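Colleague: The sequence and its predicted three-dimensional model are supplied below.
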Amino acid sequence: MRETTMSMSTILWGLLFGSIGLGFFLYGKKQQAIVPLFCGLALMVFPYFVSNTFLLVAIGVALTALPYFVRI
């Protein structure tokens, strides 16, 4: 069984992206905009599954920037 340990930076990055995700989710729900809604949901959920800090930051930045470039 693989043991995973989370560093303090991973926890803080996860908290930051989860907070941004909550903002996107609430905005998308209120404005009925599908892209911010799903990006916000993804930002809140994905830190639970990614343990590498660099990968966490890369995915988080990509999901944070996605609603600014994709308008549906």
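Modeller: Thanks, I have the structure now.

Colleague: If you count residues, where's the longest helix of this structure?
Modeller: The residue-count maximum for a helix in the chain (DSSP state H) belongs to helix 8-31.

Colleague: can you list the residues that contact it?
Modeller: Identification of contacts with helix 8-31 by C-beta atoms under 8 Å, 6 or more residues apart in numbering yields 33-48, 51, 53, 56-57, 60, 63-64, 67. For the C-beta atoms, the positions are set from N, CA and C on the backbone; glycine is no exception.

Colleague: how far out from the middle of the chain is that helix?
Modeller: Here helix 8-31 is found 6 Å from its chain centre; the criterion is C-alpha atoms, centre = their mean, to the nearest Å.

Colleague: Also stretch 41-51?
Modeller: 6 Å.

Colleague: Next: stretch 47-57.
Modeller: Distance of stretch 47-57 from its chain centroid, counting by C-alpha atoms, centre = their mean, is 10 Å.

Colleague: buried residues in that stretch?
Modeller: Neighbour-count burial for stretch 47-57, counted by 16 or more other C-beta atoms under 10 Å, picks out 47, 50, 53, 56-57.

Colleague: Please apply the same query to stretch 57-67.
Modeller: Buried residues in stretch 57-67, defined by neighbour count with 16+ other C-beta under 10 Å: 57, 59-60, 63-64, 66-67.

Colleague: Quick check: phi and psi at residue 51.
Modeller: The phi/psi pair for residue 51 (degrees, to the nearest 10) reads phi -110, psi -10.

Colleague: Looking at it now. What's its pLDDT?
Modeller: Note for residue 51: predicted pLDDT of 87.

Colleague: roughly how far apart are it and residue 59?
Modeller: The gap separating residue 51 from residue 59 is 12 Å, by C-beta to C-beta, to the nearest Å.

Colleague: Could you report the neighbour count for residue 30?
Modeller: Number of residues near residue 30 (other C-beta atoms under 10 Å) recorded here: 10.

Colleague: Let me know the pLDDT of it.
Modeller: pLDDT, residue 30: 97.

Colleague: Repeat that for residue 1.
Modeller: For residue 1, pLDDT reads 50.

Colleague: Likewise for residue 61?
Modeller: Reading off the confidence values, residue 61 has pLDDT 97.
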